[in-house]
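Asker: Mind looking at a prediction? Sequence and model below.
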Amino acid sequence: MSDISFASATDLADRIQKRDISSVELLQHFLERVDRHNPDLNAIVVDMREAALEDAAAADRELAQGRSRGPLHGVPMTVKESYNVAGTPTTRGRLEWRTNIPDQDAVSIAKLRQAGAIIFGKTNVPLDLADFQSYNDVYGTTNNPYDLRRGPGGSSGGSAAALAAGLTGIETGSDIGGSIRNPAHYCGVFGHKPTHNLLDMRGHAPPGDIRADSDLSVIGPLARSAQDLATATRAMAGPDEIMARGYRLDLPQWRDRRLSDLRVGVWKNEVSAPVSQEVEARVEQVAQALRDEGAQVDDGAKPDFTSEHCYEVYRSLLHATMASRMNDADYESLKRHVDTLSPDDTSESAEVQRAQTSSFKAWRSANEKRHHLRWAWHEYFERYDIMLAPVTATAAFEHDHRPLWDRTTLVDNQPRPYFEQVFWSGLTGVAFLPSTVIPTGLNESGLPIGIQIVGAAYDDLITIGIASDLERLGFAFTPPPAYV
């Protein structure tokens, strides 16, 4: 049943509906693969199989009675460890949160269950969801299924690794600095970073928080097909109970539109945050595929702002937001340290630390600049339907657990600052835009490379629809050879 291991969730749901396989049988199939492959990968770190087997049996009984919960009826799935799932720990990689066991599902988890999904485990993350690698002192290190010496990305690294290795049917992660997009790229799967606030984040939060509705942060799906992204996005999207009094969800649809109708902008590389030649070539490959379909493609089309300005605004907002997750003692210690910095110290670490402890006045100034960026993007999308761009600078890199400020990234053998990797996610994330990652195949080293399709705010189903059409042209998931 190796084909089942790497099938889309859409296909798996269809097979269950046709009685080709039961939900229990499918779950048992994935559990056997977890037992065989997860020890080397360490992607799934919380096991919920007993409760999941009961849920799967209930789904089979309902189907036998002619009832279906929704488009994911009976499909086994795992979720990122940072989601609250009743009766399981939510640690975010922190040792002191090992006893944080919520008694209620996150809103998005409840919606996935309502759509019929069977949740059987949780997947690994970096400490505080704040790295391009997924390792922590609670659960250890997650490896990339295409090369165990490399990381699967972060912070949804366990999510992408489990999907790519055929251990689960579909996944859901979160993204503030590429945490869905970066692992999707490194592990060759599809990922969608939604428009900000499109998916309710209640229950994806540190202990005691009602909702982690922090600036820039979103939740969203990862999958082995673009159609699965649409299914999961629809299942999880919509206003919360307060907003629902006056707001209704009505997203633009792709439907019968054609690739030949598209006006496409391309941002292939950037001097201030260069990507490798092979990554740039993959952006061009997708652009050429769209040209071949008749789309109008403009390699010089960019919004009306400089990349340096956009990156500065994004970093100011990002670091302030990430620092808000610190405990009080660590934050006060950081403030005392910043007070000792020389005004002449303009090193990257010093600038980051200043941003982490910025005043509300400074944050408001950055926020105002951000909204100018949003309007610049709005005007851009009056002229273009989408933009193609890299996800990050390189394919997956080897594990590097040195102190953060000692790390670098090799881009075509040239060392670059480690955190420069957030440039391509921040370019669009700062403006709350949706972005869909598609795989473009493996490089000469057998590692996946993805690119992102960026759309206007609330064009989530447009970028996913385009990804689905590109998938049919060959930009599809390629299983890691060791797991087939």
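Answerer: Happy to help now that I have it.
Asker: Can you give the contact residues for stretch 60-72?
Answerer: 9-10, 13, 16-17, 19, 22-24, 59, 73-74, 112-117, 170, 231-232, 234-235 (C-beta atoms under 8 Å, 6 or more residues apart in numbering). For glycine as for every other residue, the C-beta is placed from the backbone atoms N, C-alpha and C.
Asker: swap the cut-off to 10 Å and go again
Answerer: Stretch 60-72 is contacted from outside by 9-10, 12-14, 16-17, 19, 22-26, 58-59, 73-74, 111-118, 169-170, 227-228, 230-232, 234-235, using C-beta atoms under 10 Å, 6 or more residues apart in numbering.
Asker: And stretch 467-474, by the same measure?
Answerer: Contacts of stretch 467-474 from elsewhere in the structure, counted by C-beta under 10 Å, 6+ apart, are 8, 190-192, 224-230, 254, 257-259, 262, 285-286, 289-290, 292-293, 436-441, 451-453, 461, 475-477.
Asker: Please list only the buried members of the contacts of stretch 60-72.
Answerer: Taking 16 or more other C-beta atoms under 10 Å as the criterion, what is buried in these is 9-10, 12-13, 16, 22-26, 59, 73-74, 111-113, 115-118, 169-170, 227-228, 230-232, 234-235.
Asker: Filter those residues down to the ones in helices?
Answerer: 9-10, 12-13, 16, 23-26, 59, 111-113, 227-228, 230-232, 234-235 (DSSP state H).
Asker: Please give me every residue in contact with the nearest residue to residue 414 once chain neighbours are set aside.
Answerer: Nearest non-adjacent residue to residue 414, counting by C-beta to C-beta, 6 or more residues apart in numbering: residue 274, 7.9 Å away. Contacts for residue 274 (C-beta under 10 Å, 6+ apart) come out as 280, 390, 393, 411-412, 414, 416, 420, 423.
Asker: By neighbours, which of those residues wins?
Answerer: residue 390 (28 neighbours; other C-beta atoms under 10 Å).
Asker: Surely that residue touches residue 435?
Answerer: No: counting by C-beta atoms under 10 Å, residue 390 stays clear of residue 435, with 11.3 Å between them.
Asker: quick one: common contacting residues for the two?
Answerer: 181, 424-425, 427, 452.
Asker: next one: whichever strand or helix holds residue 319 to chain centre, how far?
Answerer: Assigned by DSSP states H and E, residue 319 belongs to helix 307-323. Relative to its chain's centre, helix 307-323 lies at 19 Å (C-alpha atoms, centre = their mean, to the nearest Å).
Asker: buried sites along the lengthiest helix in the chain?
Answerer: When the chain is parsed with DSSP H, its longest helix is helix 360-383. Neighbour counts over helix 360-383 (16+ other C-beta under 10 Å) mark 363, 366, 369-370, 373-374, 377, 380-381 as buried.
Asker: And it, what does it pack against?
Answerer: For helix 360-383, the packing partners by 3 or more C-beta pairs under 10 Å, 6 or more residues apart in numbering; DSSP states H and E come out as strand 263-266, helix 307-323, helix 348-356, strand 386-390, helix 423-429, strand 448-455.
Asker: List just the one of the ones you listed that sits closest to residue 196.
Answerer: helix 423-429 (8.4 Å; C-beta to C-beta).
Asker: okay, the helices and strands packed on helix 360-383 in CSV with mean pLDDT and distance to residue 65 next?
Answerer: As requested, the helices and strands packed on helix 360-383 are arranged in CSV below (pLDDT from 0 to 100; distance: least, C-beta to C-beta, whole Å):
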stretch, mean pLDDT, distance to residue 65
strand 263-266, 98, 48
helix 307-323, 94, 47
helix 348-356, 86, 55
strand 386-390, 98, 44
helix 423-429, 97, 45
strand 448-455, 98, 41
